[in-house]
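*Asks:* build the 3D model from these lines:
(chains A, B and C)
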Amino acid sequence: MAALRNVMRGLCSGHLSLYGIKSLQYKPTGILCQLPCKSSYQRRLFTNKNMMVELDSNTGVAVIQMKKPPVNSLSLEFLTEFAINMEKLEMDRECRGVVLTSSIPKIFSAGLDINEMYGKTPEHTGEFWRAVQEIWLKLYGSNLVTIAAINGASPAGGCLLAMACDYRIMADNPKYAIGLNETKLGIVAPFWFKDTMINVIGRRATEHSLQLGLMYSTSEALKIGLVDQLVAQDKIMTTALSVMSEWLAIPGHARQITKSMMRKPTLDRLLTNRESDIQNFVNFISKDSIQKSLQLYLEMLRQRKG
Amino acid sequence: MAALRNVMRGLCSGHLSLYGIKSLQYKPTGILCQLPCKSSYQRRLFTNKNMMVELDSNTGVAVIQMKKPPVNSLSLEFLTEFAINMEKLEMDRECRGVVLTSSIPKIFSAGLDINEMYGKTPEHTGEFWRAVQEIWLKLYGSNLVTIAAINGASPAGGCLLAMACDYRIMADNPKYAIGLNETKLGIVAPFWFKDTMINVIGRRATEHSLQLGLMYSTSEALKIGLVDQLVAQDKIMTTALSVMSEWLAIPGHARQITKSMMRKPTLDRLLTNRESDIQNFVNFISKDSIQKSLQLYLEMLRQRKG
Amino acid sequence: MAALRNVMRGLCSGHLSLYGIKSLQYKPTGILCQLPCKSSYQRRLFTNKNMMVELDSNTGVAVIQMKKPPVNSLSLEFLTEFAINMEKLEMDRECRGVVLTSSIPKIFSAGLDINEMYGKTPEHTGEFWRAVQEIWLKLYGSNLVTIAAINGASPAGGCLLAMACDYRIMADNPKYAIGLNETKLGIVAPFWFKDTMINVIGRRATEHSLQLGLMYSTSEALKIGLVDQLVAQDKIMTTALSVMSEWLAIPGHARQITKSMMRKPTLDRLLTNRESDIQNFVNFISKDSIQKSLQLYLEMLRQRKG
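*Replies:* Numbering: from 1, shown residues only, chains lettered A, B, ... in the order given. The predicted structure is shown next:
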């Protein structure tokens, strides 16, 4: 009995050779790559206009820092760059996990860039919406371990990015809030935002949250499960990397199949309805009333800045 | 950054002109009506046999007080009146929200009236059940903001009415309890009672609750999320109206679409199976064994009263 | 009012004659049997190789003690015996509830017997998997009240057995843990393990739990709802029997229909996909890589024991 418990404990702590062998065996089958200890330390850097990606090939962990002033708004360019980076990392046999964070002080991401929706052609608006769908499909469906290190405010699309990850750590700052606040702006979170939120915080909390467009303080977000953990601002990256190493101790192939089993129905629902979802968005945004509202909102933003 | 946070805060507090404009724009499209400040204060009163409806056209809030002694039992007459009132308010461009409460001391509603099920023709029983379905469809599918001010005991059908609202405030009195206790009476909550409860408290709590026909104390109800808030008995209406004003600060059109997105699948499930659900109920209630049980139950009620 | 409240309280406490009558009335319709007080006390004992079943016909409660050293691993023989016993109890008009527990110190059940998966023919592996499905179908779909008295460690298949019951009481011992830890062993919990867990602890906790193969301490298990109650080790059977008597106070027919309404969709999902689920398991287990892993694991177990 005691022996068995020790074995179980050993298995739980992930130190058994069994894992290494399993992961090596799985290597040929696909994207997965688990790196045993290496003597040479390697760090690769991809700097793009809107984000910086740093892959430590020793640990297999990539850190994506969003760096688009002033608020990491999700423009078409930003989303396209992000999707290409995710694609690269997904295909990179040295990468096993991604930490998503921001290099802009006090903000994780303010969500969708309203400039992409105001005064644009239906073609442009449709292309933009497809890019929003694409980054969610890539993040929510990623084989990599994805951890959001939420080091600032995270409304709307920013909250969506965080919710699409496997685990959410938030800096415990009373000034930061997180939530899908679309309703407050007079717009409606699409069904796959809603589905993602239900999968994180459950149906009742989602209904309440979406009807009122609630923004949660960090402690409220922890309480309802919108984030998994709060840490001091200066501990967020070390915590994220430490949590990541626990996740990477799990045999990757089994973890990936399990993740896919949990998320596939939600992913499939958007894949099946992708074109009609784009059409709905374009129709909604093209309305005179919505364009007028966006105009007022943008003017207000400009005045506040000026 | 600070400017943006101020904007966000402004948007959250709902004081921006953006809202007013959006709501005016949406006015022509349907039921929604959001009233900016008015100089003339208006209060309209509809008094029916079983309930009193008071609409304050200044705030857009209607208060429905159930007043059918001794226990606000849901008779066919009561349900028909209720449905007509809901229909009226839904169509009334001045009405934006409903507070549902009771004017009977210590009781919100004791649920379905057993007299409607005992010794009646299948036609009558079927008509009664259709009326139960109808009030749930109207409440659960309402475009209005619906708040239950649960100022007394709320078993069975009383709990269903409360669960169909958007938000539940309960008077914190140790003598009050709430729950779907059908199983304890030897009957079975139909699938849409179950669906409604799952949408409020989740699947496990619902399974536990329905198998045992659990009645929850106010603190237990708060803990499992069956109610959202507890307040002192004498604060329940002021709290309900204060919460209502927060909900009414949200752009109505976006809130309504969001609510519909959350609830439509559950509503559709009853709409699709409405006739078979009536047939099931009539067949079940017509059984000799059930009629005998109802007879004993009614006799017992009479003895206790006498 | 007071009278009605007394009635309600009476109904809640389950002492009204209504219940007795209802249950007698239902007796002819099926499996259910509720026994009013009897003068002659009866206790029947079925001792099998791997478990001991004791049915107290006075209370209608059967206690199943798993007794397969060293760790109650779920072998084909064990599962077959278990399924036959469940079938017998289900058909026995004197039986109304089952308490599932272990007579092996410190272990409830260690889960599936890996010997049944290593070096066996596809036919054998398929037969084994069908037996795993069968015991879950029997437990999760049982008309009886099923209570798990988890008096020891309960990983993987052990956790599945517990989750398939109506209620879970766990001995509060810091050395005991419970969870579906398949991922940690490099294997994947099948969809119906996942569905069962979602129905108990919700979607987010399940995703987190299954991706990491988490084993929960007793207090963690209580917190996330994986178990319903913790008690001192020496109080577990008296607590289980006391909880059972509360469940048996509920009219059996209504409780059974309610349970079936909650669980049927989950049961049907496996019934519909039973053959493909077996095929998937056989294919997965037959892989050289998995066989190699199982071999290493078994060798390790033997070394630790030796």
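*Asks:* in the helix or strand containing A:Val282, what's buried?
*Replies:* Per DSSP states H and E: A:Val282 is located in helix A:274-286. Across helix A:274-286, burial judged by 16 or more other C-beta atoms under 10 Å in any protein chain shown covers A:274, A:277-278, A:281-282, A:284-285. Glycine gets a C-beta too; all of them are placed from N, C-alpha and C.
*Asks:* could you do stretch A:254-268 as well?
*Replies:* Taking 16+ other C-beta under 10 Å as the criterion, stretch A:254-268 shows A:254-259, A:261-263, A:266-267 as buried.
*Asks:* circling back: what's the average pLDDT for the helix holding A:Val282?
*Replies:* Averaging pLDDT along helix A:274-286 gives 96.
*Asks:* does chain B sit close to that helix?
*Replies:* No. Judged by C-beta under 8 Å from any C-beta of the partner chain, helix A:274-286 stays clear of chain B, getting no closer than 9.6 Å.
*Asks:* same thing with stretch A:199-207?
*Replies:* Yes. Using C-beta under 8 Å from any C-beta, stretch A:199-207 reaches chain B at A:202-204, A:206-207.
*Asks:* do stretch A:164-183 as well
*Replies:* Yes. Counting by C-beta under 8 Å from any C-beta, contacts between stretch A:164-183 and chain B involve A:175, A:181-183.
*Asks:* and stretch A:111-127, by the same measure?
*Replies:* No. Residues of stretch A:111-127 contacting chain B under C-beta under 8 Å from any C-beta: none, with a closest distance of 10.3 Å.
*Asks:* how far away from the center of its chain is that stretch?
*Replies:* Chain-centre distance of stretch A:111-127: 21 Å, with C-alpha atoms, centre = their mean, to the nearest Å.
*Asks:* list the buried ones in it?
*Replies:* Those would be A:111-114, A:116-118, A:120, A:125-127, for stretch A:111-127 by 16+ other C-beta under 10 Å.
*Asks:* what about the residue of the stretch 151-300 of chain A found nearest chain C, how many residues nearby?
*Replies:* For the stretch 151-300 of chain A and chain C, the shortest gap (C-beta to the nearest C-beta) falls at A:Pro251, measuring 4.0 Å. A:Pro251 sits with 25 neighbouring residues when counted by other C-beta atoms under 10 Å in any protein chain shown.
*Asks:* nearest residue to it in space, please, no chain neighbours.
*Replies:* Leaving out its chain neighbours, the residue that sits closest to A:Pro251 by C-beta to C-beta, 6 or more residues apart in numbering or on different chains is C:Gly186, at 4.0 Å.
*Asks:* just the pLDDT for that neighbour.
*Replies:* Looking at C:Gly186, its pLDDT reads 87.
*Asks:* you'd agree it is up against A:Ala254?
*Replies:* Yes. Contact criterion C-beta atoms under 8 Å: C:Gly186 and A:Ala254 qualify, at 5.0 Å.
*Asks:* let me see the backbone angles for A:Tyr167.
*Replies:* With angles defined as degrees, to the nearest 10, A:Tyr167 sits at phi -150, psi 140.
*Asks:* now it: closest residue in space, sequence neighbours ignored.
*Replies:* Setting aside the residues directly before and after it, A:Tyr167 is nearest to A:Ile147 in space (C-beta to C-beta, 6+ apart), at 4.8 Å.
*Asks:* who are the contact partners of A:Leu55?
*Replies:* If a contact means C-beta atoms under 8 Å, 6 or more residues apart in numbering or on different chains, then A:Leu55 has A:43-46, A:61-62, A:89, A:92, A:94-95 as its contacts.
*Asks:* picking up where we left off before, in PyMOL, how would I select the buried members of the residues of stretch A:164-183 next to chain B?
*Replies:* Command for PyMOL that selects the buried part of these, burial taken from 16+ other C-beta under 10 Å:
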select buried, chain A and resi 181+182+183
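*Asks:* now do the strands in the stretch 201-306 of chain A.
*Replies:* Counting by DSSP state E, counting those that start in this stretch, the segments of the stretch 201-306 of chain A that form strands are A:216-217, A:229-231.
*Asks:* ok so, going back, in the residues of stretch A:199-207 next to chain B, find the pair that's most separated.
*Replies:* Distance extremes for the residues of stretch A:199-207 next to chain B: the farthest pair is A:Gly202 and A:Glu207 at 9.4 Å, using C-beta to C-beta.
*Asks:* for A:Met237, see how far away the closest residue to A:Gln229 other than its chain neighbours is.
*Replies:* Counting by C-beta to C-beta, 6+ apart, A:Gln229 lies nearest to A:Ile169, which is 4.8 Å off, once chain neighbours are set aside. Relative to A:Met237, A:Ile169 is positioned 9 Å away (C-beta to C-beta, to the nearest Å).
*Asks:* what about those two, which has more around it?
*Replies:* Set side by side, A:Ile169 and A:Met237 show more neighbours around A:Ile169, with 26 against 16, by other C-beta under 10 Å.
*Asks:* hang on, the more buried one in a helix?
*Replies:* No. With DSSP: H, G, I helix; E, B strand; the rest coil as the criterion, A:Ile169 is strand rather than part of a helix.
*Asks:* wait, it touches A:Thr238, no?
*Replies:* No. With contact defined as C-beta under 8 Å, A:Ile169 does not reach A:Thr238; the gap is 10.3 Å.
*Asks:* pull the longest helix seen in chain A out as CSV, backbone CA atoms only.
*Replies:* Longest helix in chain A, counting residues (DSSP state H): helix A:252-272. Only the C-alpha atoms of helix A:252-272 are listed here, as CSV (Å, rounded to 0.1, in the frame of the first residue of the first chain):
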residue,chain,number,x,y,z
GLY,A,252,1.7,16.5,-23.6
HIS,A,253,-0.1,14.1,-25.9
ALA,A,254,-2.7,13.1,-23.3
ARG,A,255,-3.1,16.7,-22.2
GLN,A,256,-3.7,17.8,-25.7
ILE,A,257,-6.3,15.2,-26.5
THR,A,258,-8.1,16.0,-23.2
LYS,A,259,-8.1,19.7,-24.0
SER,A,260,-9.5,19.1,-27.4
MET,A,261,-12.2,16.8,-26.0
MET,A,262,-13.3,19.6,-23.7
ARG,A,263,-13.1,22.5,-26.3
LYS,A,264,-14.0,20.9,-29.6
PRO,A,265,-17.8,21.4,-29.5
THR,A,266,-17.3,25.1,-28.7
LEU,A,267,-14.8,25.5,-31.5
ASP,A,268,-16.9,23.6,-33.9
ARG,A,269,-19.9,25.8,-33.2
LEU,A,270,-18.0,28.9,-34.5
LEU,A,271,-16.4,26.9,-37.4
THR,A,272,-19.9,25.8,-38.5
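*Asks:* quick one: list the elements packing against that helix.
*Replies:* Identification of packing neighbours for helix A:252-272 by 3 or more C-beta pairs under 8 Å, 6 or more residues apart in numbering or on different chains; DSSP states H and E yields helix A:17-26, helix A:122-140, helix A:191-201, helix C:191-201, helix C:203-212.
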